[in-house]
Each structure stands twice: as structure tokens, then as C-alpha cells.
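K.L.:
fold the following and give me the result.
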Amino acid sequence: MLLRKQTVWLLTMLSLVAVLSVYYITSPQETTVNQEAQEETENGKGGDSGNAEQSTVVSNEASDSAFEAMRMDLNDERSKEKEQLTEKVAELKKDLFTLRFQLATGQLQNTMQITAVKRDIARAKTVLRQLEQA
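P.N.:
Numbering: from 1, shown residues only. Predicted coordinates for the structure are as follows:
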């Protein structure tokens, strides 16, 4: 059985290689890309005066205190988000408990509310986990 799976996989990969090689050989885009690259190099050699006007400084060095302040602001925001999300998870768990209680007593009309609350809890926990890893 394992040999059959390996054979099917190998044939699939070989056919994929054949299809891709035919595509790249017959692709007209490759020639246009090469022509554009040649035109850019030719324009770059002869047009140095035009490039001087367009050159700008991309980055400036900043002091460590500015980066430290930005880092502290981000940490504060993350801690606030964590607190808000933990409060939201606690609130959603209470809602889930009341919904389950209503389901057990036969008072719940829409059972999809339980699924929606479970998904909201999962979303909030996912965001919390992402914040902890960051």
C-alpha cells in the first residue's frame, strides 16, 4: 500500500514538473521582463542627471531614548489589551454558563448562541496568546 502511494506521488510530481516546464518555455512574459530589464539598465547608464533629482534619504538615525519611548508605549498598549481581553473572556465564560443553564432547564430558544459564545471565547484567547508571544 505504501509503495502504491509513493508511486502515485512520484507520477504526480513528474507530471507537475512537465507542465511547469512547458509553461515556462512557452511563456511570453519572460521575454518582456528581460526586455524591460535591458531598457532599465540602458536608461540607468545614460540618465544619471535625472536620478540625482529623485534621490532622497530613506532613513535617519534616531536616539535610543526615542526607541525606548516607543517600546514602552507599545508595552503599555499590549498590557491594556491583555487586561481588556481577559475581562472579556471572563464575561463570555459567565455568559456561556448562563446559556448552558438555560439549555439544561429548557429556557434557551436559540442553541446557536452557545456556539457563538464559544467561538468568541476562542477568538479572544487566540488574540491573548498572540500578544503573549509578541
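
K.L.:
OK, contacts around the residue nearest the centre of the chain?
P.N.:
By Cα atoms, centre = their mean, the mean C-alpha position of the chain lies nearest to residue 130, the distance being 12.1 Å. With contact set as Cβ atoms under 8 Å, 6 or more residues apart in numbering, residue 130 has no partners. All C-beta spots, glycine's among them, are computed from the backbone N, C-alpha and C.

K.L.:
just give the closest residue to residue 114, not the sequence neighbours.
P.N.:
residue 99 (5.0 Å; Cβ to Cβ, 6 or more residues apart in numbering).

K.L.:
what's the spacing between residue 25 and residue 85?
P.N.:
53 Å (Cβ to Cβ, to the nearest Å).

K.L.:
for these two, indicate the residue with more neighbours.
P.N.:
Between residue 25 and residue 85, counted using other Cβ atoms under 10 Å, residue 85 has the larger neighbour count: 17 against 8.

K.L.:
am I right that that one is in contact with residue 123?
P.N.:
No: using Cβ atoms under 8 Å, residue 85 makes no contact with residue 123, being 9.6 Å away.

K.L.:
what's the helix or strand hosting residue 74 packed up against?
P.N.:
Per DSSP states H and E, residue 74 falls inside helix 64-105. For helix 64-105, the packing partners by 3 or more Cβ pairs under 8 Å, 6 or more residues apart in numbering; DSSP states H and E come out as helix 112-133.

K.L.:
the helix it packs on: which residues count as buried?
P.N.:
For helix 112-133, the neighbour count (16 or more other Cβ atoms under 10 Å) marks 114, 117, 120-121, 124, 128 as buried.

K.L.:
ok, those vs residue 17, which is closest?
P.N.:
Using Cβ to Cβ, residue 128 is the member of those that lies nearest residue 17, at 44.5 Å.

K.L.:
who are the contact partners of that closest one?
P.N.:
82, 85-86, 89.

K.L.:
what about stretch 111-122, average pLDDT?
P.N.:
In this model, stretch 111-122 carries a mean pLDDT of 92.

K.L.:
sorry, slip of the keys, the one I care about is stretch 11-23.
P.N.:
81.
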